[in-house]
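1. Provided below are the primary sequence and the corresponding predicted coordinates.
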Amino acid sequence: MEKIHTLIKQAQNGDNNAFEIIINENIGLVWSIVKKFINRGIDKDDLFQLGSMGLVKAVKKFNFDYDVKFSTYAVPMIIGEIKRYIRDDGLIKVSRSLKEVAYKAIKSKEILTSKFNREPNIDEIANYIEVDKEILTVALNSVRDVDSIDRKITNEKGNELNVVDTIVFENDKSEKIVNNILLNETINKLEQREQNIVKMRYINEMTQTEVANIIGVSQVQISRLEKKILKKMKDLMCS
């Protein structure tokens with residue numbers, strides 16, 4: 001875990017090589033999640049590239065305060081991007097747009113190589129075709145063969161296993177951490193007053209009457225507010 005955390009810190013500080021290493025090493029994770037959304041009438045490539053966008057967000061937003069593996073943290077980000085696309089009925093054709101970026105990058109690489117007498121780096125290519133370097137990284141990955149989760153690899157102990165075996169959650173603790181991350185992100189989307197009520201009721205375990213006394217309303221009002229907040233949270237988590 002120390003190695004990936006070091007790479008993430010480097011990526012967050014602008015190290016493009018570290019960023020690309022993380023993306024490439026976690027393509028199998030994206031594909032394993034995409035498999036859960038296949039057969040919903042959405043192109044598999046679109047799903048994969050959306051998941052890759054979620055992976056990019058996970059690198060940029062990774063919170064070192066969580067004592068969690070990067071793959072565990074990335075899962076809700078990846079799922080979130082795919083679910084948002086499904087919710088919006090796929091109005092944006094991600095696959096087409098990313099492939100166009102990739103082809104522009106490949107063409108510009110030849111031009112810049114001739115101009116500089118060396119291969120250009122990702123920053124130079126991104127600047128030349130005027131796209132964000134993170135988008136460029138995902139776009140270039142989109143035209144590569146997707147890493148099969150059934151591919152055989154050898155672990156540190158010399159045992160042969162599938163790629164998927166290296167990315168699934170190891171125990172219920174990991175699933176609980178994912179749920180906590182999703183819950184915290186949902187709470188942060190609430191208005192401040194709503195956040196306070198949730199924290200007093202479910203973290204500080206205060207009664208509705210105690211919360212009502214602090215806020216200055218009746219217990220009945222707190223009960224109504226609580227129902228509205230819980231419904232809002234449910235809608236946010238399903239969106």
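-> That came through, no problem.
2. which is the next helix or strand following the longest helix anywhere in the chain?
-> Counting by DSSP state H, the longest helix found in the chain is helix 94-116. Next helix or strand after helix 94-116 toward the C-terminus (DSSP states H and E): helix 122-129.
3. what residues does that next one touch?
-> 16, 20, 101, 104-105, 108-109, 111-112, 116, 120, 132-133, 136-137 (C-beta atoms under 8 Å, 6 or more residues apart in numbering). Every residue, glycine included, has its C-beta placed from N, CA and C.
4. Going by neighbour count, list what's buried in the longest helix of the chain.
-> For helix 94-116, the neighbour count (16 or more other C-beta atoms under 10 Å) marks 94-95, 98-99, 101-102, 104-105, 108-109, 112 as buried.
5. now stretch 121-140
-> Under 16+ other C-beta under 10 Å, the buried positions of stretch 121-140 are 122, 125-126, 128-129, 133-134, 136-140.
6. wouldn't residue 210 be in contact with residue 201 here?
-> No - the pair residue 210 / residue 201 is not scored as a contact, 9.2 Å apart, by C-beta atoms under 8 Å.
7. neighbour-wise, which of those two wins?
-> Neighbour count, other C-beta atoms under 10 Å: between residue 210 and residue 201, residue 201 has more, with 19 against 15.
8. ok so, going back, outside of the longest helix of the chain, which residues touch it?
-> Contacts of helix 94-116 (C-beta under 8 Å, 6+ apart): 43, 45-46, 49-50, 53, 85, 119-120, 124-125, 128-129, 131, 135-136, 138-140, 142-143.
9. Looking at the contacts of helix 122-129, spot the one nearest residue 218.
-> residue 132 (50.4 Å; C-beta to C-beta).
10. ok, for the closest one, nearest residue in space, not its chain neighbours?
-> residue 126 (6.6 Å; C-beta to C-beta, 6 or more residues apart in numbering).
11. how near is the one you found to residue 16?
-> 9 Å (C-beta to C-beta, to the nearest Å).
12. Mutual contacts of those two, please.
-> Shared contacts of residue 126 and residue 16, counting by C-beta under 8 Å, 6+ apart, come down to residue 133.
13. could you pull out the strands for this protein?
-> Counting by DSSP state E, the chain has strands at residues 152-154, 160-162.
14. Domains of this structure: list them as residue ranges, please.
-> Per automatic domain parsing, the structural domains of the chain span 2-166, 189-238.
15. And those domains, which one averages the lowest pLDDT?
-> The stretch with the lowest mean pLDDT among those is domain 2-166, at a mean of 76.
16. Now do residue 186, the pLDDT please.
-> On the pLDDT scale, residue 186 gets 78.
17. okay, now it: neighbour count?
-> Residues near residue 186, counting by other C-beta under 10 Å, number 17.
18. Would you mind measuring from it to residue 69?
-> 21 Å.
19. do the same with residue 14
-> Here the distance between residue 14 and residue 69 works out to 24 Å (C-beta to C-beta).
20. If you count surrounding residues, which of these two has more?
-> Remark: of residue 14 and residue 69, residue 69 carries more neighbours, 17 against 10, as counted by other C-beta under 10 Å.
21. Kindly list the main-chain dihedrals of the more buried one?
-> phi -70, psi 150 (degrees, to the nearest 10).
22. For the residue nearest in space to the middle of the chain, which residues are in contact?
-> The chain has residue 77 as the residue nearest its centroid, 2.6 Å off, counting by C-alpha atoms, centre = their mean. Residues near residue 77 by C-beta under 8 Å, 6+ apart: 54-55, 57-58, 61.
23. residues touching residue 81, list them.
-> Residues counted as contacts of residue 81 (C-beta under 8 Å, 6+ apart) are 50-51, 53-54, 57.
24. Mind doing that once more with 7 Å?
-> 50-51, 53-54 (C-beta atoms under 7 Å, 6 or more residues apart in numbering).
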